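Participant: Predicted model and sequence follow; I will ask about them next.
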Amino acid sequence: MQKIVSFLTAIVMTLSGFFFPGSGGQIYLLGESHGDSSIMAVELETWDRYYQQGMRHLFIEWPYYDAEFLNLWMQAEDDAILTQLFEDMADTAAAQPIYWDYWHTFKEKYPETVFHGTDIGHTYQNSGPRYLRYLEQTGQKDSEAYRITLEVIEQGRAYYEDHGGSYAFREPLMVHNFQRAYDALPAGTSIMGIYGAAHTNPGDTVEGTSDPNMASQLQEIYGDRLHTTDLTAYTIDDSQTGQTQPVTIGGQDFTAVQVLRAVQQSTGESYTYWLVPDAYTAALGQPRNETFTPISNFPAALEVGQVFLYDHSLPDGSTERFFYYYDGSQYLDVQVAWGFGADLEPLQIGQTRTLTIAGKDYTAVNQGTTDLSYVFPQYRSRTFWLVRDAYGDVKNLPAIANMLPYDNYPDDVEEGQVWAIEYTLPDGSIQWEYYRADGALYNGQPATTQFEG
């Protein structure tokens, strides 16, 4: 067994061990992969130990005002505040169902927890302004909380609108927000923080730059008071490298060759990577599933036309399998491999059907089906239908508070188009949603607007 050099974006390579609260204001950061249930369990176990020793302050990768809403919810008798937060964060990792139970665990078992959000204002368009209204309604317009909220909202706006989501812009703001929150605590207070592992390993740099990441900058400020534990660290088990197994893609049988197995130190989870020779043509005949991964995440050099898969084994013994092919394409100037569903029926692009929208019949053309089960287990797949000659009839129908960026669609989207999306649920039932390309923007990117159909 030896340390991995690099193979997953969310995986970084140090495990400095668990620490426990001491005197003199210690900072204990845990690095995670967002939404990983096994890592979240370790986080709760760690917080349990800290909490029993008297720690109460937990720093999280949320905007200031969202964490303040979380604190208000901790004292509330119902879930209205948390429900609204989940709606504000819809379509992000923070709104996964697993987080609902995660936050309730804090409320039920650790009710004196105080959350401190130190990220920029990702939700600057919804929960940020709503928290300002709350402060105004409670007579706190002249408060420090109001000033901080305004600042964090502006950070979020600038990040998305002026700087195009630049990590180099975001990271120093996270350090600024962290330092402001930590230094405002009583002297000698020890805290725990939970952030993505890319932010928590001293010595690492901001993705795509030579700039120091958050932990590196915090170490410059706080020195040996900063302690970090990387819950995503892995080791390599190469004892079975080269072994083979049969794999079926699109009804055809292939032989997969194991390239590497990596085991997560903190949870026992593992990832086993396989190359699937001669499977490219079969893979191209399968629907993409809206996922992609930089080819640098694969632990060996990839060539155009190669297919690989990996098995994600969970601590409970279950295993999930994911398929990718590399066609040489890029996303945001990064070479990526595309995920696909190996067991779905081939695409039936071009077939037509009649759809009724707002009481009127239209001809819709199938543009492709994608597997959603990998990302959203509450769905099996979704099929995109381009609805002909419908925009003039639906452009003024009431909008629903949901938008879908153009890059979700399997084909180029043009303003004036209408799309119907057919969601297939695990039980085989169908749900429909309707979108119009009306020139709207979501976080500065072109997006379609959902409407009542």
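Facilitator: Everything's here; your move.
Participant: hmm, who's touching whichever strand or helix holds Gln179?
Facilitator: Using DSSP states H and E, Gln179 maps to helix 167-183. Identification of contacts with helix 167-183 by Cβ atoms under 8 Å, 6 or more residues apart in numbering yields 27, 59, 61, 64, 116-120, 148, 152, 155, 158-159, 163, 191, 193, 199, 206-209, 211-214, 217-218, 221. Quick note: C-beta positions are derived from backbone N, CA and C, even for glycine.
Participant: what are the C-alpha coordinates of that helix, in CSV please?
Facilitator: C-alpha atoms of helix 167-183 as CSV (Å, rounded to 0.1, in the frame of the first residue of the first chain):
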residue,chain,number,x,y,z
TYR,A,167,-11.6,30.2,-7.7
ALA,A,168,-8.6,32.6,-7.5
PHE,A,169,-11.2,35.4,-6.7
ARG,A,170,-13.1,33.2,-4.2
GLU,A,171,-10.4,31.7,-2.0
PRO,A,172,-9.0,34.9,-0.4
LEU,A,173,-12.6,36.1,0.3
MET,A,174,-13.2,32.8,2.1
VAL,A,175,-10.0,33.5,4.2
HIS,A,176,-11.2,37.0,4.9
ASN,A,177,-14.6,35.8,6.0
PHE,A,178,-13.1,33.0,8.1
GLN,A,179,-10.7,35.4,9.9
ARG,A,180,-13.5,37.9,10.6
ALA,A,181,-15.7,35.2,12.1
TYR,A,182,-13.0,33.5,14.1
ASP,A,183,-11.4,36.7,15.5
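Participant: Can you give me the buried ones in that helix?
Facilitator: Using 16 or more other Cβ atoms under 10 Å as the test for burial, helix 167-183 gives Tyr167, Phe169, Arg170, Glu171, Leu173, Met174, Val175, Asn177, Phe178, Ala181, Tyr182.
Participant: Then stretch 271-290?
Facilitator: Across stretch 271-290, burial judged by 16+ other Cβ under 10 Å covers 271-276, 279-280, 282-284, 286-290.
Participant: And for stretch 334-343?
Facilitator: Val336, Ala337, Trp338, Gly339, Phe340, Gly341, Ala342.
Participant: quick one: the last one from Gln264, how far?
Facilitator: According to Cβ to Cβ, to the nearest Å, Ala342 and Gln264 sit 25 Å apart.
Participant: So Tyr324 is in contact with Trp338, correct?
Facilitator: Yes. Tyr324 is within contact range of Trp338, at 6.3 Å (criterion: Cβ atoms under 8 Å).
Participant: Quick one: the strands in the stretch 351-453 of the chain, in order.
Facilitator: Remark: strands assigned in the stretch 351-453 of the chain by DSSP state E, counting those that start in this stretch are 352-357, 360-371, 381-387, 399-405, 418-424, 430-436, 441-442, 445-451.
Participant: Could you find the closest non-adjacent residue to the residue most central in space within the chain?
Facilitator: A centroid search over the chain (Cα atoms, centre = their mean) returns Ala93, at 3.6 Å, as the residue closest to the centre. Leaving aside its chain neighbours, Ala93 sits nearest to His34 (4.3 Å; criterion: Cβ to Cβ, 6 or more residues apart in numbering).
Participant: Can you classify that neighbour by secondary structure?
Facilitator: On the three-state scheme (DSSP: H, G, I helix; E, B strand; the rest coil), His34 is labelled coil.
Participant: I'd say it and Ile194 touch.
Facilitator: No. Taking Cβ under 8 Å as the definition, His34 is not a contact partner of Ile194, at 9.7 Å.
Participant: Of these two, which one has the most company?
Facilitator: Ile194 (22 against 17; other Cβ atoms under 10 Å).
Participant: host element of the more buried one?
Facilitator: strand 191-196.
Participant: which helices and strands sit right next to the helix or strand following that strand?
Facilitator: For strand 191-196, the following helix or strand on the C-terminal side (DSSP H and E) is helix 197-200. Judged by 3 or more Cβ pairs under 8 Å, 6 or more residues apart in numbering; DSSP states H and E, helix 197-200 is in contact with strand 27-32, helix 214-222, strand 226-230.
Participant: Just say which of those is most tucked in.
Facilitator: Stretch with highest mean neighbour count among the helices and strands packed on helix 197-200: strand 27-32 (a mean of 24; mean count of other Cβ atoms under 10 Å).
Participant: That strand versus helix 167-183: what angle between them?
Facilitator: Per axes from the mean of the first three to the mean of the last three Cα atoms, to 10 degrees, the angle that strand 27-32 makes with helix 167-183 is 140 degrees.
Participant: What are the structural domain limits within this structure?
Facilitator: For the chain, automatic domain parsing gives the domain ranges 8-232, 236-340, 352-451.
Participant: could you dump those to a markdown table with mean pLDDT?
Facilitator: A markdown table is the format used below for the domains of the chain (pLDDT from 0 to 100):
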| stretch | mean pLDDT |
| --- | --- |
| domain 8-232 | 89 |
| domain 236-340 | 86 |
| domain 352-451 | 85 |
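Participant: Next, find the distance separating the closest residue in space to Glu112 that isn't next to it in sequence from Trp47.
Facilitator: Spatial nearest neighbour of Glu112, excluding adjacent residues (Cβ to Cβ, 6+ apart): Arg56 at 5.4 Å. Here the criterion is Cβ to Cβ. By it, Arg56 lies 10 Å from Trp47.
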